[in-house]
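Q: Task: produce atomic coordinates for the following.
(chains A and B)
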Amino acid sequence: MPWAVLRNTHIGMAVWPALVAPQCKGFEEDNQMIDTFHTMQAKLEVTPHLLRLGRLFSETVLIQVGDDEIYLTFEKGHVTQVTAGPSRKTPWRFALRTDADALAQFWQPLPAPGFHDIFGLLKIGRGSIDGDILCLVKNLRFFKEFMALPRPARKDAA
Amino acid sequence: MSIEPITGRYLTVSVEGAPRRIYFEEAGQGRPVLCLHTAGADTRQWRHLMNDTGITATNRMVAFDLPWHGKSLPPEGFETEEYLLTTEAYIETVLAVIKGLGLERPVLAGCSMGGRIALQLAALHPDKFSGFIAIEASDFQPAWYDIDWFHRPDAHGGEMGAALVSANISPFAPNTERWNTLWMFMQSGPGVFRGDLSFYTKDDSLIARLGDIDTGKTPVHLIVGAYDLTCTPEDAKRTADAIDGATLAVMDELGHFPMSEHPEGFLQFFVDALKRMPAAGTK
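A: This next block holds a predicted model:
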């Protein structure tokens, strides 16, 4: 069984993170990026306004970080699967492609110019977006705020 | 409780041969400073500066909502019209407001598309103004997005527009003002942001006119934020370099809507810009 499938996880949102996370942890503890997206998945569940904004968003999104591919399956604003790729069998609606260092800078509390927004990554040549861009734009606030979840909350934030 | 010194009234002028009922606000006394808002927004972007007593002690700050924006209604018959702002209509509107309000050679301060038109006016009608403050302004910016995204029956153009322009707001901006800034875009009328962007992203006529600007008669000062993805510091520098005598200030911690997204951070740059402009009554 290829490693990608071994690290494939299907996280039921109703039981995340208390029951499922510990069982899956052993398969992916070597993959910090997958862990980060699992953490984002859990953080989304405790961010009511984002769940409300994403209530009509049910799509699979490909996140490519360097050579690693991660498929995020959204169902009505919840992330129901975080799946490590590569996979030629997983259809996705749009893709965000960047690198680990750019994402690390993107997730800083006060990112440098260009690293402060996913479109900034495109502008400075550290990212690209392809696929159904209109689908992304229709759900842009939801997706951008989801991607920014690892960024520490600001002191003056509501 | 507090009541702000800003007052708002309405002015009806003729633009493109038809009446336009224009909402304007003002505060302060002294040198007239006419302020132009960005695409997809309105006069509220200027409220912080218009409430700053250090500025209003010697400056009469005036801002107005372009027709279709804020509290300025679209023209009669708009329901069958496709809104597409043009350089010509924008210039005619600004000049009509100056004449209607009796502003004597005001300083013109514009942001984004307002900065673009300020530079157009610096080239074409310098005699009507005493100086120009062009904020987040450049010679030309082609769209890296599809402007039709922002006016379609199956999605909310205002919400999409706000989500897009949030890319231009600095992470240093106070959260409250970030969202107040975005709220204006969310409120923008259907097709208005698209119509503004049509002007901003398709009309490149300013490029050939930059050399006509005479900063010896009317100073031109550009201000740009490092977090502005739409008009980058490189874009502003290219523009300033093409205007003999123009000056440029780069704000390291601000973005595309500095007077609105981070008024406290922008204040020093605007005060500096005003100091570069001729005093009231200077010919």
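
Q: Distance of B:A89 relative to chain A?
A: 28 Å (Cβ to the nearest Cβ, to the nearest Å). C-beta here means a position set from N, CA and C on the backbone, and glycine is covered the same way.

Q: got a list of contacts for the helix or strand where A:L72 lies?
A: Using DSSP states H and E, A:L72 sits in strand A:68-75. Defining contact as Cβ atoms under 8 Å, 6 or more residues apart in numbering or on different chains, one finds that strand A:68-75 is touched by A:13, A:31, A:33-34, A:37, A:54, A:57-64, A:79-87, A:90, A:92.

Q: Average pLDDT for whichever helix or strand comes after that strand, rounded please.
A: Sequence order places strand A:78-84 as the next helix or strand after strand A:68-75, per DSSP H and E. Averaged across strand A:78-84, pLDDT comes to 96.

Q: Give me the sheet partners of the helix or strand following strand A:78-84 and which way each runs.
A: Per DSSP H and E, strand A:78-84 leads on to strand A:94-98 as the next helix or strand towards the C-terminus. Paired neighbours of strand A:94-98 in the sheet (DSSP bridges): strand A:60-65 (parallel), strand A:127-131 (antiparallel).

Q: and the ones you listed, which is most packed in?
A: The highest mean neighbour count among these, using mean count of other Cβ atoms under 10 Å in any protein chain shown, belongs to strand A:60-65: a mean of 20.

Q: Centre of the chain to it, how far?
A: Centroid displacement of strand A:60-65 relative to its chain, using Cα atoms, centre = their mean, to the nearest Å, is 7 Å.

Q: got the angle for that strand vs strand A:68-75?
A: Here strand A:60-65 points in a direction 150 degrees away from that of strand A:68-75 (axes from the mean of the first three to the mean of the last three Cα atoms, to 10 degrees).

Q: what's in contact with strand A:60-65?
A: Contacts for strand A:60-65 (Cβ under 8 Å, 6+ apart): A:33, A:37, A:69-74, A:85, A:90-100, A:103, A:131, A:143.

Q: likewise stretch B:49-59?
A: Contacts with stretch B:49-59, where a contact means Cβ under 8 Å, 6+ apart, come from B:4-6, B:25-33, B:35, B:61, B:63, B:107, B:259, B:263, B:266-267, B:270-271, B:274, B:280.

Q: and the strands paired with strand A:94-98 as TSV, adding mean pLDDT?
A: As requested, those are exported to TSV (pLDDT from 0 to 100):
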stretch	mean pLDDT
strand A:60-65	98
strand A:127-131	97
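
Q: which one of those lies closest to B:T239?
A: Across those, B:T239 has its closest neighbour in strand A:127-131 (26.7 Å, Cβ to Cβ).

Q: got any ranges where the stretch 151-283 of chain B has weak pLDDT?
A: Along the stretch 151-283 of chain B, the model assigns pLDDT under 70 to residues B:281-283.

Q: can you give me the helices in chain B?
A: In chain B, the helices defined using DSSP state H lie at B:47-50, B:53-56, B:87-101, B:113-124, B:157-165, B:175-187, B:192-202, B:233-241, B:258-261, B:263-275.
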